[in-house]
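Asker: What shape does this take:
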Amino acid sequence: LEPLPNIDFNLLTGNSLVGLLQVNAAAYSEQQKKHADLFSSGEYARVVAEKNRLIGLYRDTTAEYSKVDLAAIKQEINQHRTAAQLVLNDLLLQEMGQAGVKFEQATWDDAKQKLGKPIKRALTTADVAQLKPFHWGFEFDQVLNERGGFDAIITNPPWE
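Answerer: Have a look, this model is predicted:
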């Protein structure tokens, strides 16, 4: 019997209806300068290559036969993703702003005892983060760029 493949980085969570399908490398690198930290390497190609290297190392390492700390690798991958997510969310915010997307806040009309006219305002970074966007172009860059896409996608419909 062959063991089941490691699916830790094949099944991912996020709002698949909101996010970037493609990432503009130049825009990413420019936006990343605002978020420079220990995990940021600047150039988008390097960020993606490092993510893919770490995931490959995690997948190809068998815990029983090596002295590699898989938990440490997984934590490094998650830190790398978190740093990239901040930049990707900012890029998404810019795209949504250019498209004219607004936040619509519900109000209550005390006099009529019903919902009032909603208040519209520009989106903020916190609004985008709350949507938990799934950035397909970052998470599955090899599938989208090298293979041309997926053979199948299985989703769970939203319940809210």
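
Asker: now the helices for the chain?
Answerer: Assigned by DSSP state H, the helices in the chain fall at 25-32, 44-60, 70-98, 125-130, 136-139, 141-146.

Asker: Can you lay out those helices as CSV showing mean neighbour count?
Answerer: Yep, even glycine has a C-beta here, placed from its N, CA and C like the rest. Putting the helices of the chain into CSV (neighbours: other Cβ atoms under 10 Å) gives the following:
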stretch, mean neighbour count
helix 25-32, 17
helix 44-60, 16
helix 70-98, 17
helix 125-130, 14
helix 136-139, 21
helix 141-146, 14
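
Asker: For residue 104, find the nearest of these.
Answerer: helix 125-130 (10.7 Å; Cβ to Cβ).

Asker: Against which helices or strands is the closest one packed?
Answerer: Here helix 125-130 touches helix 70-98, going by 3 or more Cβ pairs under 8 Å, 6 or more residues apart in numbering; DSSP states H and E.

Asker: Compute the inter-axis angle for the helix it packs on and helix 44-60.
Answerer: Put simply, helix 70-98 runs at 140 degrees to helix 44-60, going by axes from the mean of the first three to the mean of the last three Cα atoms, to 10 degrees.

Asker: could you give the mean pLDDT of helix 70-98?
Answerer: For helix 70-98, mean pLDDT is 92.

Asker: helices or strands next to that helix in the packing?
Answerer: In terms of contacts (3+ Cβ pairs under 8 Å, 6+ apart), helix 70-98 is packed against helix 25-32, helix 44-60, helix 125-130.

Asker: returning to what we had before: out of the helices of the chain, which gets nearest to residue 110?
Answerer: helix 125-130 (26.1 Å).

Asker: picking up where we left off before, could I get the helices of the chain as JSON lines with distance to residue 114?
Answerer: Listed next are these as JSON lines, based on distance: least, Cβ to Cβ, whole Å:
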{"stretch": "helix 25-32", "distance to residue 114": "42"}
{"stretch": "helix 44-60", "distance to residue 114": "48"}
{"stretch": "helix 70-98", "distance to residue 114": "29"}
{"stretch": "helix 125-130", "distance to residue 114": "25"}
{"stretch": "helix 136-139", "distance to residue 114": "40"}
{"stretch": "helix 141-146", "distance to residue 114": "46"}
